[in-house]
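Visitor: what would the 3D arrangement of this be:
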Amino acid sequence: MPKLKKQRVGIIGCGVIFDRHIEAITANADDFELVALCDIDKRKLDIRAKEHEVFGFTDYKEMYKIMKGKMEMVSIATPNSCHYDQAIDALKSGYDILVEKPIDFRNKRVEEICAWAKKLKKKAYAVLQVRYNPTVGMVKEALGNNLLGDIRSVTLTQRWQRPESYFDSWRADINVGGRTLYEVGIHYMDIIQLLFGLPEVKSSATFNNKHKYVEFEDTVFSILQFPSGASGSLEVTIASEPSNLECTLSVMGSEGYIEVGGRALDKIERAMFLNQIFEDKWNKLVGKFGKSLEPNSYGTHAGSCPNHPTLYAEIAKGKGIDISEAINSIKFIERVYDKEIK
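Guide: Numbers count the residues shown, from 1 in each chain. The predicted model follows:
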């Protein structure tokens, strides 16, 4: 597929993830150009707009109106509850969109965004950049080649740390930030459903072990069953100390075992096979993929691997992650909370 023409981009939201988008645009300067910024914090906006020599707006609707004909794509990096309205309004204003996670807290509203994009013949992309971790590509190819045989069990263990100051903002408001899985677990739950299908959630339990003044949980446990019949479990916590300890995906099959770990699903910890032929195939497969990037550091805490440059590069090729791809990860989260033991 041929590359698209150079796209002029406006970013809404100059918060913690803003720099990842700037890095991605800079890394793909032949394909993207930053032309406008928007943030309700005028002081922050003025600093960023001056730094990047672009137009600055405190009202995203004003940006949509004034930048008409001067901008093709909008990257939405605002607090979670803002994404839906800003995405719909961007599409109606004639722009393609790239939306940070979570697209919304309800899968039906993500479907509405998809419907508007289709109706208006605009592109709508999701920031699900963990899919570009080389480790994910390795496991996906191993499964495609049936190196593990029949899958028996899948386990995700995400033991991360978030300081109390993490919630000194909109993230503490359940109506704005959502709950822990929407803010922290979503990228890795997306990988589970991508590789193994959307699971049925048998039961869930939530706990508030550290952030007791916040109105929702910091720890989630769930029992799962996948479409193949394989069993599974999910553990997501932001109560670990002193830092992110692990994000581990363990896959047990009839022919072997693969464990992807590190702090952000960025390292192959173990790969063992009953069959030497399968082990040789695995070793050959691993050589095809590069090394994962170091996880994002935000000073007080760390996050996922910063694959935004790859994300933008794929968009330039016309192969970005369509926003419809985000629906099942939202469904997965909804299922976990629907089965929560009260």
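Visitor: please count neighbours and contacts with C-alpha atoms only from this point.
Guide: Fine.
Visitor: residue nearest the middle of this structure, spatially speaking?
Guide: Nearest to the mean C-alpha position of the chain, by CA atoms, centre = their mean, lies residue 128 at 3.5 Å.
Visitor: thought that one was touching residue 320?
Guide: No: judged on CA atoms under 8 Å, residue 128 makes no contact with residue 320 at a distance of 9.8 Å.
Visitor: ok, the closest residue to the residue nearest to the centre of the chain other than its chain neighbours - contacts?
Guide: Nearest residue to residue 128, sequence neighbours excluded (CA to CA, 6 or more residues apart in numbering): residue 187, at 6.4 Å. For residue 187, the residues meeting the contact criterion (CA atoms under 8 Å, 6 or more residues apart in numbering) are 128-130.
Visitor: from those, which is closest to residue 266?
Guide: Nearest to residue 266, judged by CA to CA, of these is residue 130 at 9.1 Å.
Visitor: any idea where the strands of this structure begin and end?
Guide: 7-12, 32-38, 55-57, 73-76, 96-99, 124-126, 151-159, 200-207, 219-225, 231-237, 246-253, 256-261, 267-273 (DSSP state E).
Visitor: mind putting the ones you listed into a markdown table with mean neighbour count, distance to residue 142 and mean pLDDT?
Guide: As requested, the strands of the chain are exported to a markdown table (neighbours: other CA atoms under 10 Å; distance: least, CA to CA, whole Å; pLDDT from 0 to 100):
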| stretch | mean neighbour count | distance to residue 142 | mean pLDDT |
| --- | --- | --- | --- |
| strand 7-12 | 24 | 36 | 98 |
| strand 32-38 | 23 | 34 | 98 |
| strand 55-57 | 21 | 47 | 98 |
| strand 73-76 | 26 | 33 | 98 |
| strand 96-99 | 25 | 30 | 98 |
| strand 124-126 | 24 | 25 | 98 |
| strand 151-159 | 21 | 12 | 98 |
| strand 200-207 | 18 | 24 | 98 |
| strand 219-225 | 21 | 21 | 98 |
| strand 231-237 | 22 | 19 | 98 |
| strand 246-253 | 21 | 11 | 98 |
| strand 256-261 | 21 | 9 | 98 |
| strand 267-273 | 16 | 11 | 96 |
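Visitor: using TSV, lay out these together with distance to residue 284.
Guide: Formatted as TSV, the strands of the chain follow (distance: least, CA to CA, whole Å):
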stretch	distance to residue 284
strand 7-12	38
strand 32-38	35
strand 55-57	49
strand 73-76	38
strand 96-99	35
strand 124-126	31
strand 151-159	21
strand 200-207	34
strand 219-225	31
strand 231-237	28
strand 246-253	19
strand 256-261	15
strand 267-273	13
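Visitor: quick one: which of these is nearest residue 18?
Guide: strand 7-12 (8.0 Å).
Visitor: other SSEs contacting the closest one?
Guide: Where contact means 3 or more CA pairs under 8 Å, 6 or more residues apart in numbering; DSSP states H and E, strand 7-12 is packed against strand 32-38, strand 73-76.
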